[in-house]
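In: need coordinates for the following:
(2 chains)
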Amino acid sequence: MRNLALQAVAGDLRRKLSSKRLDHAIAKLPPVTLRTPRADGSAPVTVCALQVKAVVYQSVDDMVNDIDRYMRKASDGGAELICFPELFGILSLGLSFIVRGALKLLKRSSHSADGRDALDLPALLEPFPFLYESYINLMARFACRYGVWLSCGTTFAVENGKIFNRHTLLSPQGAILGVGDKIHLTVDEMNLGITAGETLTVVPTPIGNIALTVCMDATYFETFRVAKALGADYALVPIGDMASFDPYLALRGAQSRVSETNLAAIKPALVTGDDFPIHLTGKAGVYYPIGFPSPNLEAESFDKPDAVIAQLDLQALRRNPPEPFCRANPAFDRIYIDTLIKKSGENCK
Amino acid sequence: MQLPECEMEQSEYLGRMEAFARTLTVPLVSAAFAHEGGIAMAYFSKEDTIFQKCCFPQAGLQAGEDVTVFDTPLGRLALCSGDDVFQPQYARLAALRGCRLLLCSLWRDEPGYRMTGAWSVCQANCLPVAVAGQAGGELILPCTMTQDLSGRGRGSFDTRELEAAYAEFPVFRSLNREFYSRYRKELGG
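Out: Numbers count the residues shown, from 1 in each chain, chains lettered A, B, ... in the order given. Below is the predicted model of the structure:
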């Protein structure tokens, strides 16, 4: 019975997310001025970390209009790189009335809707291998429409029975420039059966060398240290944070990592209201190393839609003195990495 | 475990600290001091003297090569001097070896640096950090061990509270061995 329901949902979504339906919905949008993408990073780059309110979309038109509102706000602010948050891509699942019904039941349920329930996500999403491609096809249309680099945030990618929480960066022509699977999973994600990524992608672009990370990856300085070693100028850190917002708890992530590694970070956030069965908070922001002349910028609230727009001066970032951070001691570092690898396998503490 | 032999500086300061610790039976931790072309700090108790060289000093100074985590009646401790607190791998290695309190002597204590150094490594490792610096001394704890979630403002803690804080934010459960192995070189190995 469950498999029949899942197949029905898959069929419904496949139709709704078909190229023809998406083209039709986008054709109804008002015209926009196409930006000409720049050729190099000599001038400061305008970036946008979106704070997106999660909505259970009733139709493809609703979803397309909502995305376009965020894109337009960012583009009107001059953004050349627009960044969507973690898990934004799975919102398209709500286009199915069966999923909408299940979400209502989930919200009314006495169980906590925080992912700790025993869901076999790989089995549940097995009929949806098209989900990732459909989402990227949709976002590629927006990248082309506005002529911007576009971080799609993340969605679930289903491959060979495994689920990855996948971050994708698109060019202004809608091509995939790079993907990054979440490397450090939360305990809830592990319990849901999501598979951790093992590689970190740094994409060279005219707007800088961009590391693709996801949410919890910013809790671990190792992520940012590898990104820096691979040549990154800044990291994209889309989040979907289930913790209640607190400025100190939020400081445990990207805001701390940028100083340790002399990178900047762009953090878009997915947020929810009371009408959503899962509680997610912000804040979206753009963060710089301590002492850098540009101030950190954040969304005004932790739960409302917003667009945090900032200027990234790549030349200044690259010249920024890393002191007192980023010192190396090869002998110490060898001991540290050997111990880290050994202990990682022991599920220490 | 073989602890490094302590080569005492023939200085009044360290001599007095050792004498105080032995006489008063209260463990004492020195500030950082010059030692053999580098920087070091020391822990003195009635039972032990532990010596820790700064591993990430400024250029031109001799560096230590490891962090010693040692057992005491207060738990497993480690020392952290100078700018070692700004190299996150230092506290990480101490934490991975079971350190339960990092004792930091800071000399760089301008506004903002305590948060980006000591506070940050505390949260990243669920590791309490006791700090002494120009801006004063304090105990920095994992966020959830303080009512305002700042991690600051308390003078003591209980190991059961620390376990509860770790349960709320189990940072070591999410370590990714395959990732670190793949990027061993980039991580300094």
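In: enumerate every residue touching A:Tyr135.
Out: A:Leu17, A:Gly89, A:Ser92, A:Cys152, A:Thr155 (CB atoms under 8 Å, 6 or more residues apart in numbering or on different chains). For the C-beta atoms, the positions are set from N, CA and C on the backbone; glycine is no exception.
In: which positions in the stretch 101-250 of chain A make contact with chain B?
Out: Within the stretch 101-250 of chain A, the positions adjacent to chain B are A:183-187, A:190, A:196-200, A:216, A:219-222, A:225-226, A:229-230, A:246, A:248-249 by CB under 8 Å from any CB of the partner chain.
In: is the closest residue to A:Tyr70 other than its chain neighbours bridged to anything, and to what?
Out: In space, A:Tyr70 comes closest to A:Leu50 once its chain neighbours are excluded; the distance is 5.3 Å by CB to CB, 6 or more residues apart in numbering or on different chains. Note on A:Leu50: beta-bridge partners by DSSP bridges are A:Ala307.
In: surely A:Leu50 is in contact with A:Pro268?
Out: Yes: the pair A:Leu50 / A:Pro268 is scored as a contact, 4.7 Å apart, by CB atoms under 8 Å.
In: mutual contacts of the two, please.
Out: A:Cys83, A:Phe84, A:Pro85, A:Ala284.
In: what's the farthest-apart pair in these?
Out: The distance between the two most remote of the shared contacts of A:Leu50 and A:Pro268 (CB to CB) is 10.2 Å, for A:Phe84 and A:Ala284.
In: what residues sit buried inside stretch B:70-80?
Out: Residues B:Phe70, B:Leu77, B:Ala78, B:Leu79, B:Cys80 are the ones in stretch B:70-80 that count as buried (16 or more other CB atoms under 10 Å in any protein chain shown).
In: centre of the chain to stretch B:92-99, how far?
Out: Chain-centre distance of stretch B:92-99: 10 Å, with CA atoms, centre = their mean, to the nearest Å.
In: dump it to PDB, restricted to CA.
Out: The C-alpha trace of stretch B:92-99 is given here as PDB (Å, rounded to 0.1, in the frame of the first residue of the first chain):
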ATOM      1  CA  ARG B  92      41.100  19.400  18.900                       C
ATOM      2  CA  LEU B  93      44.000  17.100  19.500                       C
ATOM      3  CA  ALA B  94      43.800  17.700  23.300                       C
ATOM      4  CA  ALA B  95      40.000  16.900  23.200                       C
ATOM      5  CA  LEU B  96      40.600  13.800  21.200                       C
ATOM      6  CA  ARG B  97      43.000  12.600  23.800                       C
ATOM      7  CA  GLY B  98      40.400  13.000  26.500                       C
ATOM      8  CA  CYS B  99      41.200  16.500  27.800                       C
END
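In: say whether chain A is contacted by it.
Out: Yes: counting by CB under 8 Å from any CB, chain A is contacted by stretch B:92-99 at B:Arg92, B:Leu93, B:Leu96, B:Arg97.
In: contacts for that stretch?
Out: So stretch B:92-99 is in contact with A:221, A:332, A:335-336, A:339-340, A:343, A:348, B:66-67, B:69, B:76-78, B:80, B:102, B:121, B:124-127, B:172, going by CB under 8 Å, 6+ apart.
In: pLDDT on that stretch, on average?
Out: Averaged across stretch B:92-99, pLDDT comes to 97.
In: before we move on, what about stretch A:192-206?
Out: Mean predicted lDDT for stretch A:192-206 stands at 97.
In: now that stretch: buried residues?
Out: In stretch A:192-206, counting by 16+ other CB under 10 Å, buried: A:Leu192, A:Gly193, A:Ile194, A:Thr195, A:Ala196, A:Gly197, A:Leu200, A:Thr201, A:Val202, A:Val203, A:Thr205.
In: from chain B, how far off is A:Leu105?
Out: For A:Leu105, the distance to chain B (CB to the nearest CB, to the nearest Å) stands at 29 Å.
In: what about that residue, distance to A:Thr199?
Out: 38 Å (CB to CB, to the nearest Å).
In: same check on A:Ser301?
Out: For A:Ser301, the distance to A:Thr199 equals 35 Å [CB to CB].
In: which stretches of the stretch 101-250 of chain A form strands?
Out: Taking DSSP state E, counting those that start in this stretch as the test, the strands found in the stretch 101-250 of chain A are A:149-159, A:162-170, A:176-181, A:201-205, A:208-212, A:234-236.
In: same question, chain B
Out: For chain B, applying DSSP state E gives strands covering B:28-29, B:33-35, B:38-44, B:49-53, B:70-72, B:75-81, B:101-105, B:129-133, B:136-140.
In: which strands or helices does the second one pack on?
Out: It stands for strand B:33-35. Strand B:33-35 sits against strand B:38-44, with contacts defined as 3 or more CB pairs under 8 Å, 6 or more residues apart in numbering or on different chains; DSSP states H and E.
In: now check the strand it packs on, is it near chain A?
Out: No: against chain A, strand B:38-44 shows no contacts by CB under 8 Å from any CB, the least distance being 11.4 Å.
In: chain center to that strand, what's the gap?
Out: 12 Å.
In: contact partners of it?
Out: B:6, B:14, B:17-18, B:20-22, B:27-33, B:49-54, B:57, B:61-64, B:70, B:77, B:79, B:81-82, B:103, B:105.
In: same deal with stretch B:156-165?
Out: By CB under 8 Å, 6+ apart, stretch B:156-165 touches B:Gly75, B:Arg100, B:Cys126, B:Pro128, B:Leu139, B:Leu141, B:Pro142, B:Cys143, B:Thr144, B:Met145.
In: right, and the fourth one touches B:Ile140 too?
Out: Yes: counting by CB under 8 Å, B:Pro128 sits close enough to B:Ile140 to count as a contact (6.8 Å).
In: overlap in contacts of the two?
Out: In contact with both B:Pro128 and B:Ile140: B:Cys122, using CB under 8 Å, 6+ apart.
In: those two - which one has more neighbours?
Out: When B:Pro128 and B:Ile140 are compared for neighbours, B:Ile140 comes out ahead with 28 against 25, by other CB atoms under 10 Å in any protein chain shown.
In: ok, back up a step: can you redo the strands of chain B as CSV with distance to A:Gln311?
Out: Shown next, in CSV, are the strands of chain B (distance: least, CB to CB, whole Å):
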stretch, distance to A:Gln311
strand B:28-29, 45
strand B:33-35, 44
strand B:38-44, 39
strand B:49-53, 43
strand B:70-72, 49
strand B:75-81, 36
strand B:101-105, 36
strand B:129-133, 34
strand B:136-140, 33
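In: least reliable of these by average pLDDT, please.
Out: Ranked on mean pLDDT, the bottom entry among the strands of chain B is strand B:33-35, at a mean of 87.
In: can you list contacts of that one?
Out: With CB under 8 Å, 6+ apart, strand B:33-35 has contacts from B:Glu7, B:Glu9, B:Ser11, B:Tyr13, B:Leu14, B:Ile39, B:Ala40, B:Met41, B:Ala42, B:Lys53.
In: show the buried residues in the residues you listed.
Out: B:Glu9, B:Leu14, B:Ile39, B:Ala40, B:Met41, B:Ala42, B:Lys53.
In: so where's chain B uncertain?
Out: Applying pLDDT under 70 to chain B flags residues B:1-10.
In: wait, A:Pro324 touches B:Asp83, no?
Out: Yes: taking CB under 8 Å as the definition, A:Pro324 is a contact partner of B:Asp83 at 4.3 Å.
In: quick one, what contacts A:Leu91?
Out: A:Ala54, A:Val55, A:Val56, A:Tyr57, A:Met63.
In: go with 7 Å
Out: When contacts are counted by CB atoms under 7 Å, 6 or more residues apart in numbering or on different chains, A:Leu91 touches A:Ala54, A:Val55, A:Tyr57.
In: now do A:Leu87
Out: So A:Leu87 contacts A:Thr154, A:Gly240, A:Leu270 (CB under 7 Å, 6+ apart).
In: grab the nearest non-local neighbour of whichever residue of chain B sits closest to chain A.
Out: Closest residue of chain B to chain A, CB to the nearest CB: B:Gly188 (2.8 Å). Closest residue to B:Gly188 apart from its sequence neighbours, by CB to CB, 6+ apart: A:Asp333 at 2.8 Å.
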